[in-house]
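J.: predicted model, plus sequence, below.
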Amino acid sequence: QVQLVESGGGLVQAGGSLRLSCAASGSISSINTMGWYRRAPGKERELVARIPSRDSPNYADSVKGRFTISRDNAKNTVYLQMNSLKPEDTAVYYCNADIIPLRVRFSLPYWGQGTQVTVSS
């Protein structure tokens with residue numbers, strides 16, 4: 001059983017910062033790309049940032065220069081540092097990871113439960 005557990009969401013004023021964390025646990029052989037998505041009220045889910053295991057991260061245009069994604073492979077954890085937050089960043093943020101479970105030969109997508117980020121104006 002593999003699961004992703006997120007933490008770090010909350011309420012912050014515009015211009016503030018938050019750091020999200022997502023830890024993968026369970027029967028894991030290896031983890032490929034890890035990333036963060038978000039879904040704002042009334043909108044489709046969108047990619048925020050993703051970081052491959054051995055390549056540079058990429059970001060949505062709307063967060064470039066404000067958000068930074070990083071990962072600690074020893075801890076199977078991905079982080080999202082969010083600075084200069086805007087009200088339009090308000091959404092439920094979901095962690096995603098492409099994980100190869102033990103005794104499986106291909107990667108599977110896993111999702112966290114989501115964490116609410118609310119930015120007040």
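T.: Structure's in. What do you need? In this text, all values refer to a predicted model and were calculated from it rather than measured experimentally. Numbers count the residues shown, from 1 in each chain.

J.: which residues of the chain fall in strands?
T.: Secondary structure of the chain by DSSP state E: the strands cover 2-7, 10-13, 18-26, 28-39, 46-51, 58-59, 67-72, 77-82, 91-101, 108-111, 115-120.

J.: what sits against the spatially most distant residue from the centre of the chain?
T.: For the chain, the residue at maximal distance from the C-alpha centroid (CA atoms, centre = their mean) is R103, at 25.9 Å. R103 makes contact with 27, 29, according to CB atoms under 8 Å, 6 or more residues apart in numbering. Bear in mind the C-beta positions are built from the backbone N, C-alpha and C, glycine included.

J.: now it: phi and psi?
T.: phi 70, psi 20 (degrees, to the nearest 10).

J.: do the one 3 residues further on as well
T.: Comment: the main-chain dihedrals of F106 come out as phi -140, psi 160, following degrees, to the nearest 10.

J.: how far away is the most centrally placed residue in the chain from C22?
T.: Ranked by distance to the mean C-alpha position of the chain (CA atoms, centre = their mean), the top residue is W36 at 2.7 Å. Going from W36 to C22 by CB to CB, to the nearest Å gives 8 Å.

J.: now do the shared contacts for these two.
T.: 78, 95.

J.: how much space separates G10 from S107?
T.: To S107, G10 is 31 Å away according to CB to CB.

J.: so which of the two has more stuff around it?
T.: Between G10 and S107, counted using other CB atoms under 10 Å, S107 has the larger neighbour count: 16 against 13.

J.: quick one: end-to-end distance for stretch 68-88.
T.: Criterion CA to CA, to the nearest Å; first-to-last residue distance in stretch 68-88 is 17 Å.

J.: give me the buried positions along that stretch.
T.: By 16 or more other CB atoms under 10 Å, the buried positions in stretch 68-88 come out as 68-69, 71, 76-80, 82, 85.

J.: pull the most distant pair out of these.
T.: The most widely separated members of the buried residues of stretch 68-88, counting by CB to CB, are N76 and L85 (26.4 Å).
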